[in-house]
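1. Could you look at this predicted model? Sequence included:
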Amino acid sequence: MNKATRKAIIAGNWKMNKTRPEAKALLEEIKPLVANAQDAVEVIACVPFTNLETALAVTEGSNVKIGAENVHFEKSGAFTGEISADMLTELGVEYVVIGHSERRQYFGETDETVNKRTLAALQAGLKPIVCVGETLTEREQGITEEVVAKQTKIALMGTCEKCIKNVVIAYEPVWAIGTGKVATPEQAQDVCGFIRKTIAGLFNQEIADGITIQYGGSMNAANCAELLAKPDIDGGLIGGASLKAADFNTIVQAAVNG
Ligand code: PGA
């Protein structure tokens, strides 16, 4: 199995942006632009919790799928401010971002909680987009592979072979997120290829060859084509550029052609 047989996924990560009317307007703009991607590329918008219901209504019947940006690992109970996987699936949400570096950095997310969230999401029928990636210091220390291997292995602990097909991995070097400092296509390819090798070690080659691995971190309309042309980069997790319909569409079209 090679890149051509894997599902290409372009996902927007809106972060803490857009009120409901703004979300509606942006999705209305995106929908017709990306309609041609239907068979070639999975197009997703991961939006704030408050926008989920609006986003699902606006995209109904289109090829734009909706994701959440986080999920709690417990089923229910006294966890003020949290949202469970069942709450998301009941709404009709299909994807969820887990372990984004901003969650790790600002909200105490650890490899262990990323693992718990991943398992809870899978159990509820959500498709987790699991984020991994090294900091600049870790890259400079030459431990990128160790860091990414550890994050990947712990995140996927206890995942059954059947469930792993629903997991997407996003390689997001922390130093490239929101900084305008994009990884070179070679750097991104090296780590995405390494993640695939790590997954082959955890499961088997067939599973590793089938899993979608995205790159994320300052991917934009200008640099996406080169990144998406790499053999182990199957898509992108897009922050800033996903908030502009034309730029997001350029990335989707690059994936359609890549
Ligand atoms: P960015 O964010 O594209 O704005 O760098 C990517 C992400 O955080 O997923």
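-> Right, received. Where do you want to start? Numbers count the residues shown, from 1 in each chain.

2. Tally up the residues packed near residue 225, please.
-> Residue 225 has 16 neighbouring residues, counting by other CB atoms under 10 Å. C-betas here are computed from N, CA, C, even on glycine.

3. residues touching it, list them.
-> 254, 257-258 (CB atoms under 8 Å, 6 or more residues apart in numbering).

4. Which one (most neighbours) among the residues you listed?
-> residue 254 (22 neighbours).

5. That one: what secondary structure?
-> helix (DSSP: H, G, I helix; E, B strand; the rest coil).

6. wait, isn't it in contact with residue 233?
-> No - Residue 254 lies out of contact with residue 233 (CB atoms under 8 Å); the separation is 11.0 Å.

7. For the residue of the chain found nearest the ligand, give its distance to residue 217.
-> Residue of the chain nearest the ligand, by CB to the nearest ligand atom: residue 239 (2.2 Å). Noted for residue 239: a distance of 8 Å to residue 217, by CB to CB, to the nearest Å.

8. Now the common contact residues for those two.
-> residue 177.

9. Compare the two (neighbour count), which wins?
-> residue 217 (26 against 23).

10. ok, now how distant is the closest residue to that one other than its chain neighbours from residue 240?
-> Spatial nearest neighbour of residue 217, chain neighbours left out: residue 176 (2.9 Å); criterion: CB to CB, 6 or more residues apart in numbering. Applying CB to CB, the value for residue 176 to residue 240 is 12 Å.

11. again with residue 193
-> Counting by CB to CB - residue 193 and residue 240 are separated by 26 Å.

12. Check residue 177 too.
-> For residue 177, the distance to residue 240 - CB to CB - is 9 Å.

13. next one: residue 174
-> Counting by CB to CB, the gap from residue 174 to residue 240 is 15 Å.

14. Can you pick out the residue with more neighbours from the two?
-> residue 174 (21 against 18).

15. which residues does the more buried one contact?
-> 101, 105, 133-136, 217.

16. Quick one: the strands in the stretch 51-200 of the chain, in order.
-> 64-68, 95-98, 127-132, 168-171 (DSSP state E, counting those that start in this stretch).

17. about what we covered before: just checking, which of the contacts of residue 174 belong to helices?
-> Members of the contacts of residue 174 lying in helices (criterion: DSSP state H): 101, 105, 136.

18. Surely the last one touches residue 177?
-> Spelled out, it's residue 136. No - judged on CB under 8 Å, residue 136 makes no contact with residue 177 at a distance of 10.8 Å.

19. out of the two, which sits in the busier spot?
-> The neighbour comparison of residue 136 against residue 177 (other CB under 10 Å) goes to residue 177, with 21 against 13.

20. what residues are up against the nearest residue to residue 200 once chain neighbours are set aside?
-> Excluding its sequence neighbours, the residue lying closest to residue 200 (CB to CB, 6+ apart) is residue 208, at 3.6 Å. Residue 208 sits next to 196-197, 199-200 when contact means CB under 8 Å, 6+ apart.
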